[in-house]
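Trainee: Here is my input, please return the structure:
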Amino acid sequence: MEARLVLEDGSLFKGFSRGARGEMWGEVVFNTSMTGYQEILTDPSCCGQIVIMTFPLIGNYGINDEDYESRRPFLRGFVARELCTTPNNWRQVMNIGEYLKENNIVALDGIDTRALARHLRENGTMRGIITTERTPLPTLLERVHKTSAICETVFTPEVTTQEPYTWENGGPHIVILDLGLKLSIARSFHNMGCRVTVVPAFYSAGNIMDLGPAGIVLSNGPGNPEKISGVIQTAGELIGTVPMMGICLGHQIIALALGAKTYKLKFGHRGTNHPVKDLINNRVYITTQNHGYAVEENSLPAGFKVIQRNLNDSTVEGLLETDKKIITVQYHPETCSDPPDSGHLFYRFLKEIDSK
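Mentor: Have a look, this model is predicted:
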């Protein structure tokens, strides 16, 4: 069955349907990861997106029961050069096409993803419609132009947990504000011996402090950070109470809560191969990233120190506020690499808790 991807500038890509039937709109973005497609599919930060994989073969080790990052996929569509229908791995329970159909995700392959990624690099991410229907092209273009602007859409209520939950352990109590949490973040703290409580994004500062946290983490998540004003207010009320850590969207929220500004990147940072320099230890780390916004360095208030920087475009990747015991990173230090390149950031945060 034919499937099509139509961009808001009129670009048309025709391929083969590999997921559910139907039609869906979203922000068309590209991800340069060679592996980890199951984690990408289930990363809540992809909510509202049609994700293009630039690596030509996706799905060759199937889908397993262990590598989920959330309760379900939140992305709007999925595109690859070739989606493997005959995976080979001892952990697999289904192939990627079966998973996409089971979760009602429209997907296609058989297109020139290199050309599509270059188009997005040159022109920026944009809205698009992915469809298996025979809707005429002029009608699809009319529909995509009527869709909401991505930068004005709030996705947090869709991805956050509705009820708090706890992973018991005997160490310090870490409370994570779920803005679209990747489970690997909670798992990393739990594996370090922490007791972890995950709470909804709409929890108030008072509700959070009533839990008696030794440290607070603001998680990753989708969308424009400036549009979730309630979370920014909550973060502002929490700053200075106990040590805080922000990851990805959480990094941006903490910066906004202290008076900084954010801006939208032309095509974002999405992949597992982004070089980041730590300005404290003078080392370079290869990081996993999935975001479309960044903190404006010139807007940072006094006391905030840039401790990490992206080597591709010099954007801010890490911040430190010593007096308020705040550490933030734009990327994902919980990535399960071997060795775990950026895991030391969790230890740096826990050290702040120990010194409280």
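
Trainee: From start to finish, how long is stretch 35-45 in a straight line?
Mentor: End-to-end distance for stretch 35-45, by CA to CA, to the nearest Å: 17 Å.

Trainee: Disregarding flanking residues, what is the spatial nearest neighbour of Asn31?
Mentor: Arg270 (4.3 Å; CB to CB, 6 or more residues apart in numbering). For the C-beta atoms, the positions are set from N, CA and C on the backbone; glycine is no exception.

Trainee: Is it correct that Val276 is in contact with Glu317?
Mentor: Yes. Counting by CB atoms under 8 Å, Glu317 is a contact partner of Val276 at 4.7 Å.

Trainee: neighbour-wise, which of these two wins?
Mentor: Glu317 (28 against 25; other CB atoms under 10 Å).

Trainee: And the helix or strand in which Asn273 is found, what does it pack against?
Mentor: Element membership for Asn273 (DSSP states H and E) is strand 262-278. The contact analysis (3 or more CB pairs under 8 Å, 6 or more residues apart in numbering; DSSP states H and E) places strand 262-278 against strand 23-31, helix 113-123, helix 249-257, strand 283-295, strand 305-310, strand 316-321.

Trainee: buried sites along the fourth one?
Mentor: Going by neighbour count (16 or more other CB atoms under 10 Å), the buried part of strand 283-295 is Tyr285, Thr287, Thr288, Gln289, Asn290, His291, Gly292, Tyr293, Ala294, Val295.

Trainee: bridging residues for the first one?
Mentor: Tyr285 forms beta bridges with Val276, as assigned by DSSP bridges.

Trainee: Quick check, pLDDT for it.
Mentor: Among the per-residue scores, Tyr285 holds a pLDDT of 92.

Trainee: so it makes contact with His274?
Mentor: No. Assessed by CB under 8 Å, Tyr285 is found out of contact with His274, at 9.1 Å.

Trainee: On the strand side of things, show who the residue nearest to Asn31 bridges to.
Mentor: With DSSP bridges as the criterion, Arg270 is bridged to Asn290.

Trainee: residue contacts, it?
Mentor: Counting by CB atoms under 8 Å, 6 or more residues apart in numbering, Arg270 touches Val29, Phe30, Asn31, Thr32, Ser33, Val51, Gln289, Asn290, His291.

Trainee: redo that, cut-off 6 Å
Mentor: Val29, Asn31, Asn290 (CB atoms under 6 Å, 6 or more residues apart in numbering).

Trainee: in the sheet, who's paired with the first one?
Mentor: Looking back up the chat, that one is Val29. Val51.

Trainee: measure it to Gly171 for me?
Mentor: The gap separating Val29 from Gly171 is 37 Å, by CB to CB, to the nearest Å.

Trainee: Tell me which of the two has more neighbours.
Mentor: Taking other CB under 10 Å, Val29 and Gly171 do not tie; Val29 has more neighbours (23 against 15).

Trainee: sorry, back to before: I'd like the buried residues of strand 283-295 laid out as CSV, including distance to Glu39.
Mentor: Putting these into CSV (distance: CB to CB, whole Å) gives the following:
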residue, distance to Glu39
Tyr285, 18
Thr287, 14
Thr288, 9
Gln289, 13
Asn290, 10
His291, 15
Gly292, 18
Tyr293, 21
Ala294, 22
Val295, 24
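
Trainee: which one among those residues gets closest to Asp67?
Mentor: Thr288 (13.6 Å; CB to CB).

Trainee: The closest one touches Pro333, doesn't it?
Mentor: No. Using CB atoms under 6 Å, Thr288 makes no contact with Pro333, being 8.7 Å away.

Trainee: For stretch 347-356, list every residue counted as buried.
Mentor: Buried, per 16+ other CB under 10 Å, within stretch 347-356: Phe349, Leu350, Glu352, Ile353.

Trainee: what comes into contact with it?
Mentor: Under CB under 6 Å, 6+ apart, the answer for stretch 347-356 is Pro172, Ala214, Gly215, Pro243, Met245, Lys325, Ile327.

Trainee: beta partners of the third one?
Mentor: If I follow you right, that is Gly215. Bridge pairing for Gly215 - DSSP bridges - gives Ile174.

Trainee: Who are the contact partners of it?
Mentor: Per CB under 6 Å, 6+ apart, neighbours of Gly215: Ile174, Val242, Pro243, Ile353.

Trainee: ok, the second one - how many residues close by?
Mentor: Using other CB under 10 Å, Val242 has 21 other residues around it.

Trainee: Reduced to three states, what does it come out as?
Mentor: Of the three states, Val242 takes coil under DSSP: H, G, I helix; E, B strand; the rest coil.
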